[in-house]
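Visitor: Pasting a predicted model and its sequence here:
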Amino acid sequence: MSTLKPLAPDTLDKLRYASTATITMQLLKRGLRHGAIKGARPLDPAHARCVGPAYTLRFIPMREDLAGPPKPGTMLPHRMAVEHAPAGSVLVIDAGGAANCGTLGDILVARLKHRGVAGVVSDGPLRDLAGVVSVGFPVLSVGSVAPASMNEVMPIDVDLPIGCGGVAVFPGDVISTDMDGAVVIPRHLADEVARDSYEQERLEKFVLSEVKRGRSIDGLYPPDDKAMADYRQWQARGEGN
């Protein structure tokens, strides 16, 4: 990731403030309709939120002559990903169409947390659900199953472009997750999407606070000049920070 253009210092913090719903709206305004990874949901609702640059791992369908448990001392790509994903990154997994095997389990997830990785997003299942939840770490996938990855797929490469849940993911793209799922933000758009998502999120917090007080959405959502003036006063009072 060292060759990628650096993000603005406040980009990740602004994305942490904004929901994935807000981010997808900002992507839509830029003509990007397919940034949400299909099927990926948090395995533990208490740990749904993470933001960080993508580090990618790709699986392909298993070929039987190459199947078998890893031998001690071997570093297959999924183990390389666990040991090499940079601190603060989000490990994004193309599960190779896996439906009845887990591409990671609790031990590897615990190692990722210890190394400071921000979270995991996969378009296939994981395994050892109780153990994964006990780690207390953001993991989004299509669910959990018992069999190991070698049941169906094999890891093939890391840190290359992948497809995850119908979305192209390039290493260094920015990933944001919450209870609604996971969204991919192209790296070159991340700063402006973060800026505008932050502002949209603040405005919508104001709108929601007004609706909860009983105000009509007429002229409020979307806001007219009066609503925007009220919003600026709300900001001046330090609310929504």
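Guide: Alright, I've got the coordinates.
Visitor: By residue count, what's the longest helix in this protein?
Guide: As assigned by DSSP state H, the longest helix anywhere in the chain is helix 190-212.
Visitor: is residue 36 in a bridge, and if so with what?
Guide: On the basis of DSSP bridges, residue 36 is bridged to residue 183.
Visitor: mind listing what it touches?
Guide: Contacts for residue 36 were tallied using CB atoms under 8 Å, 6 or more residues apart in numbering; they are 20, 24, 165, 167, 181, 182, 183, 184. In short, each C-beta sits where N, CA and C put it, glycine included.
Visitor: next one: residue 144
Guide: If a contact means CB under 8 Å, 6+ apart, then residue 144 has 43, 102, 125, 126, 127, 128, 129, 132 as its contacts.
Visitor: repeat for residue 107
Guide: 128, 131.
Visitor: tell me which element it is part of?
Guide: helix 106-114 (DSSP states H and E).
Visitor: Now the element after that helix, going C-ward?
Guide: Next along from helix 106-114, by DSSP H and E: strand 119-122.
Visitor: which secondary structure elements does that next one contact?
Guide: strand 90-94, strand 139-141, strand 174-178 (3 or more CB pairs under 8 Å, 6 or more residues apart in numbering; DSSP states H and E).
Visitor: Would you mark the buried spots in the shortest one?
Guide: Along strand 139-141, the positions that meet the burial threshold by neighbour count (16 or more other CB atoms under 10 Å) are 139, 140, 141.
Visitor: State the next helix or strand along the chain beyond that strand.
Guide: strand 153-158.
Visitor: what's the helix or strand harbouring residue 51 packed up against?
Guide: Counting by DSSP H and E, the element that carries residue 51 is strand 50-61. Using 3+ CB pairs under 8 Å, 6+ apart, the elements in contact with strand 50-61 are helix 11-17, helix 77-84, strand 90-94, strand 153-158, strand 162-164, strand 174-178.
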